[in-house]
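Q: Everything below, folded, please.
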Amino acid sequence: MSNKLKFGLLGALGYIAPRHIQAINNINAELICVSDLNFNLAQQKEFHSKNVETLDSLEEMIKYHQQHSLDYISICTPNHLHTEQIITCLENNINVICEKPLALSIKDLDKIRKSEFGSSASIFTIMQLRFHESIIQLKDKITSQSLDEKHEVILIYATTRGSEFFSSWRGSENKSGGILFEFGIHYLDILMDIFGQVINFNVNKLSLNQANVLIEHENAKVLIMINVLSKEKLEEMGQEEVLYRSFTINGEEFEFTGGFQDLHTRSYESILEGKGFTVEDASKSITQISKIMDEFEKGSTYKPILNNL
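A: Numbers count the residues shown, from 1 in each chain. This is a model prediction of the structure:
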């Protein structure tokens with residue numbers, strides 16, 4: 001009998017699932033079952049050839065767990081399903097590794113906290129940018145400087161997505177949580193980790209494919225610019241797809257477009273080392289994005305706070 005940790009995975013056909021599957025393999029664990037609503041025969045055969053059972057639902061996976069004792073379930077499903085699925089796993093005392101975001105509201109975050117408190121299992125999330133070498137170096141550089149300095153920061157993230165992205169659950173704010181939960185949460189987490197808590201913010205623009213938000217942290221004034229470009233429109237103009245990530249801090253640019261290949265593996269390794277990111281780690285960015293979304297929906301009255309940017 002194998003002594004390897006046994007994993008199940010929800011959302012096996014999703015965009016991010018291959019990174020989780022690779023991470024499970026890289027930590028020498030055993031993926032024994034996967035679930036998705038849309039398996040075709042070829043996909044089922046591929047998983048079966050690797051001794052991985054294909055299931056249709058979390059409910060089936062719970063039944064499978066009762067026979068095969070899963071150690072972890074990795075959740076790679078649409079954002080709006082995370083909270084309910086996390087709670088179901090915790091109620092069955094199965095450890096969870098969930099893609100961002102754990103929840104789309106403070107209320108749901110509190111539900112997860114309550115469920116974990118009553119369970120023998122634990123919930124961990126993926127905050128892979130904290131393992132990015134360029135981000136680690138940047139944090140070391142900033143934290144070695146005077147805490148009295150107020151940095152001027154511009155964060156730019158530009159990416160390309162096809163029409164299928166916008167027509168999927170990701171194109172629905174109710175299901176994805178909107179551009180800040182879908183794309184911005186990683187960057188806000190890093191900003192808060194490096195520059196401290198948010199003091200004030202001003203929303204210039206929030207839409208399905210664009211975000212322009214001014215945020216004042218304890219040690220920085222930040223302009224966040226996120227732009228999701230249409231693949232089809234770029235093709236019409238004869239332009240290539242775009243992918244670009246950078247911080248500009250006090251006029252000095254730090255690009256971190258590449259370097260993402262092994263970050264999920266590092267995240268899984270950290271969890272097994274007892275250093276995984278918990279609900280409390282994730283709660284800071286979820287809470288702040290919820291506040292930003294609430295103010296935007298009400299009509300923000302904050303005055304601009306980055307007059308020099």
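
Q: On the three-state scheme, residue 86 is what?
A: Put simply, residue 86 is helix when judged by DSSP: H, G, I helix; E, B strand; the rest coil.

Q: domain ranges for the protein?
A: Here the domain parsing of the chain from automatic domain parsing is 6-127, 129-298.

Q: tell me the mean pLDDT over the last one?
A: Read that as domain 129-298. Averaged across domain 129-298, pLDDT comes to 94.

Q: and if you look at stretch 28-42?
A: 96.

Q: Check which residues of that stretch are buried.
A: The neighbour-count check on stretch 28-42 (16 or more other CB atoms under 10 Å) flags 29, 31, 32, 33, 34, 35, 36, 39 as buried. Yep, even glycine has a C-beta here, placed from its N, CA and C like the rest.

Q: cool, stretch 287-296 as well?
A: Buried residues in stretch 287-296, counted by 16+ other CB under 10 Å: 288, 289, 290, 292, 293, 296.

Q: swap in stretch 241-259?
A: Buried residues in stretch 241-259, counted by 16+ other CB under 10 Å: 245, 246, 247, 248, 249, 256.

Q: And for that stretch, what's in contact with it?
A: Stretch 241-259 is contacted by residues 132-135, 138, 142, 151-160, 220, 229, 231, 234 when judged by CB atoms under 8 Å, 6 or more residues apart in numbering.

Q: mind giving me JSON lines with the buried residues of stretch 241-259 and columns for distance to residue 110?
A: Listed next are the buried residues of stretch 241-259 as JSON lines, based on distance: CB to CB, whole Å:
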{"residue": "245", "distance to residue 110": "32"}
{"residue": "246", "distance to residue 110": "35"}
{"residue": "247", "distance to residue 110": "32"}
{"residue": "248", "distance to residue 110": "36"}
{"residue": "249", "distance to residue 110": "34"}
{"residue": "256", "distance to residue 110": "33"}
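
Q: Tell me the one among those residues nearest to residue 3.
A: Relative to residue 3, the closest of these is residue 256; by CB to CB it sits at 37.6 Å.

Q: How much space separates the closest one from residue 141?
A: 13 Å (CB to CB, to the nearest Å).

Q: Show the backbone phi and psi for the closest residue to residue 177 other than its chain neighbours.
A: Closest residue to residue 177 apart from its sequence neighbours, by CB to CB, 6 or more residues apart in numbering: residue 104 at 4.2 Å. Main-chain torsions, residue 104, degrees, to the nearest 10: phi -110, psi 10.

Q: Could you export the buried residues of stretch 287-296 to TSV, including columns for secondary structure and distance to residue 177?
A: What follows is the buried residues of stretch 287-296, written out as TSV (DSSP: H, G, I helix; E, B strand; the rest coil; distance: CB to CB, whole Å):
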residue	secondary structure	distance to residue 177
288	helix	13
289	helix	8
290	helix	9
292	helix	11
293	helix	8
296	helix	13
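
Q: Can you name the two of those residues that sit furthest apart?
A: Greatest spatial distance in the buried residues of stretch 287-296: 288 and 296, 12.6 Å, computed using CB to CB.

Q: what's the residue closest to the geometric middle of the chain?
A: Central residue of the chain (CA atoms, centre = their mean): residue 100, 2.8 Å from the mean position.

Q: ranges for the strands of the stretch 101-250 of the chain?
A: Using DSSP state E, counting those that start in this stretch, the strands of the stretch 101-250 of the chain run over 123-125, 151-161, 198-206, 210-217, 220-230, 244-249.
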